[in-house]
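In: The following block contains a protein sequence and its predicted model.
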Amino acid sequence: MMHRRDFIRTTAATALASRFAWLRADAALKSKAAAKGILYGSAGPITLLQDQAYQQAFIKECAILTPESELKWGTVHPGLNTYNFGPGDALLQWCQSNGIKMRGHTLAFWQSIPGWLQKTVNPSNARDLLTQHIQTVCGHYAGKLHSWDVVNEAIQPEDHNPDGIRNSVWQAAMGTDYIPLAFNVARQADPQALLVYNDFGVEYDFPGIDARRTAILNLISKLKSQNVPIQAFGLQAHLYGGSLQKLNAKLLAGFLKSISDMGLKILVTELDVQDKGLPADPNARDQAIAQSYSTFLNAVLQNTNVIVVETWGLSDKYSWLKNHAPRDDGQDVRTLPYDANYQPKSAVYQAIAQAFDAAPPRTV
Ligand code: XIL
């Protein structure tokens, strides 16, 4: 007969085991995704290299990493003739020694424009500046990266430029032409990386979003007709937890089908869910956030051209939303699969894991 103390111990252990059954060693997000031919990963800030606990979680869950800012102009190209590959190289080395693939982000972007470039660039030197940058940075990492976000966030119909192109130093100097230029130079500098056009703000039924979707489809179609080497669309997927009812799965699926019908792969590049306006109670908040992850991923993963899913960070500790979209009540954001203490949050984690389990398989 079991001693009373042993009985209590066994019962407690069973209860604990069943509570955490979802977190078995084989349940890592990267394994669930890999079973369907999908790479799961996350943005990785350079601070990852100083944070052992984060590294452990990252290695367990992630098969791919995007340097969050280390390969943007502002970091990698701090002076006309100065390149700073230190942070990017350190992340690449860490990835390589842990069997993690790395992505490149990003070569032509309206943000992260260093002061020297802002002062120097004009219509007569812009082509050369962009060409030289891409040759140097893409060339430095040639053959080592999974993919490059060659052009980031080029569409903003509200800016009223031809083709819906967003205002930027590149658009000001070259109009739409900077986009094919960037892809062509990237292809020459790195014949292997998958070349991606990355953008945000296409997921919801908000006013003006149709115009964004249309402009993106038109841009891709034009690039394809000009034989520009664009190979994939990066769907950033910065979601709004408070707008779930406006997350129109059918519309989103239709948009992605138009893209895959043009022969492009699709990468979910920066998935996260803003928790502004959601309940303060952490459990209720996690449930609401999990619903956005589920609705979004279940819709998107039906498209078998979707080969990568990355969240924009793994732990809330380093989410950019802490600064970009803090909560009005001052509580810490709870946007990502892991909390700020490196613990997986059951509701959010399971929503992502279940979406991978339910996804149809694809061949990468
Ligand atoms: C963000 C980073 O996460 C922040 O740390 C940085 O301060 C600003 O940029 N879309 C993108 C990313 O393509 O480059 C942005 O990253 C988030 C929005």
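Out: Everything's here; your move. Residues are numbered from 1 along each chain as shown.
In: so what's whichever residue of the stretch 201-350 of the chain sits closest to the ligand closest to, chain neighbours aside?
Out: The ligand sits closest to W320 of the stretch 201-350 of the chain, with a gap of 3.3 Å, by Cβ to the nearest ligand atom. (Glycine included, C-beta is placed from N, CA and C.) Closest residue in space to W320, ignoring its immediate chain neighbours: W312 at 6.5 Å, by Cβ to Cβ, 6 or more residues apart in numbering.
In: ditto for S294
Out: Closest to S294 by Cβ to Cβ, 6+ apart is A351, at 4.5 Å.
In: where does that neighbour fall, phi/psi-wise?
Out: Dihedral pair for A351: phi -60, psi -40, per degrees, to the nearest 10.
In: And for H238?
Out: When quoted as degrees, to the nearest 10, the phi and psi of H238 stand at phi -80, psi 100.
In: same thing with A288?
Out: According to degrees, to the nearest 10, A288 has phi -70, psi -40.
In: Tell me who's in contact with it.
Out: For A288, the contact set (Cβ atoms under 8 Å, 6 or more residues apart in numbering) comprises 241, 244, 275, 278-279.
In: same deal with W94?
Out: Contacts of W94 (Cβ under 8 Å, 6+ apart): 48-49, 55, 100.
In: Tell me which of these fall in helices.
Out: Among these, the members falling in helices (DSSP state H) are Q55.
In: Adding distance to Q291, write the contacts of W94 out as CSV.
Out: Converted to CSV, these look like this (distance: Cβ to Cβ, whole Å):
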residue, distance to Q291
L48, 29
L49, 34
Q55, 30
I100, 29
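In: burial of the residue nearest to S294, as a residue count?
Out: 24 (other Cβ atoms under 10 Å).
In: Among the contacts of W94, list the two that are farthest apart in space.
Out: L49 and I100 (12.7 Å; Cβ to Cβ).
In: more neighbours, the two?
Out: Neighbour count, other Cβ under 10 Å: between L49 and I100, I100 has more, with 22 against 15.
In: Confirm for me that that one is in contact with L39.
Out: No. Applying Cβ atoms under 8 Å, one finds I100 not in contact with L39, separated by 9.7 Å.
In: what's the overlap in contacts for the two?
Out: Common neighbours of I100 and L39 (Cβ under 8 Å, 6+ apart) are 63-64.
In: residue ranges of the strands in the stretch 1-150 of the chain, please?
Out: Along the stretch 1-150 of the chain, counting by DSSP state E, counting those that start in this stretch, strands occupy 39-44, 64-67, 101-109, 147-152.
In: Assess the claim that L48 and I59 are in contact.
Out: No. With contact defined as Cβ under 8 Å, L48 does not reach I59; the gap is 10.3 Å.
In: Tell me which of these two has more neighbours.
Out: Under the criterion of other Cβ under 10 Å, the comparison of L48 against I59 puts L48 first, with 24 against 15.
In: what's the spacing between that one and the ligand?
Out: 13 Å (Cβ to the nearest ligand atom, to the nearest Å).
In: do R362 as well
Out: 25 Å.
In: Could you look up the SS state of that residue?
Out: Secondary structure, DSSP: H, G, I helix; E, B strand; the rest coil: R362 is coil.
In: neighbours of it, just the number please.
Out: With other Cβ under 10 Å as criterion, R362 counts 15.
In: Now for it: which residues touch it?
Out: Residues near R362 by Cβ under 8 Å, 6+ apart: 36-38, 304-307.
In: Can you tell me which of the residues you listed end up in helices?
Out: Using DSSP H, none of the contacts of R362 sit in helices.
In: which of those residues are buried?
Out: 36, 38, 304-307 (16 or more other Cβ atoms under 10 Å).
In: what's the residue nearest to G74 when sequence neighbours are not counted sitting at in phi/psi?
Out: Nearest residue to G74, sequence neighbours excluded (Cβ to Cβ, 6+ apart): S112, at 3.8 Å. Backbone torsions of S112, given as degrees, to the nearest 10, read phi 60, psi 40.
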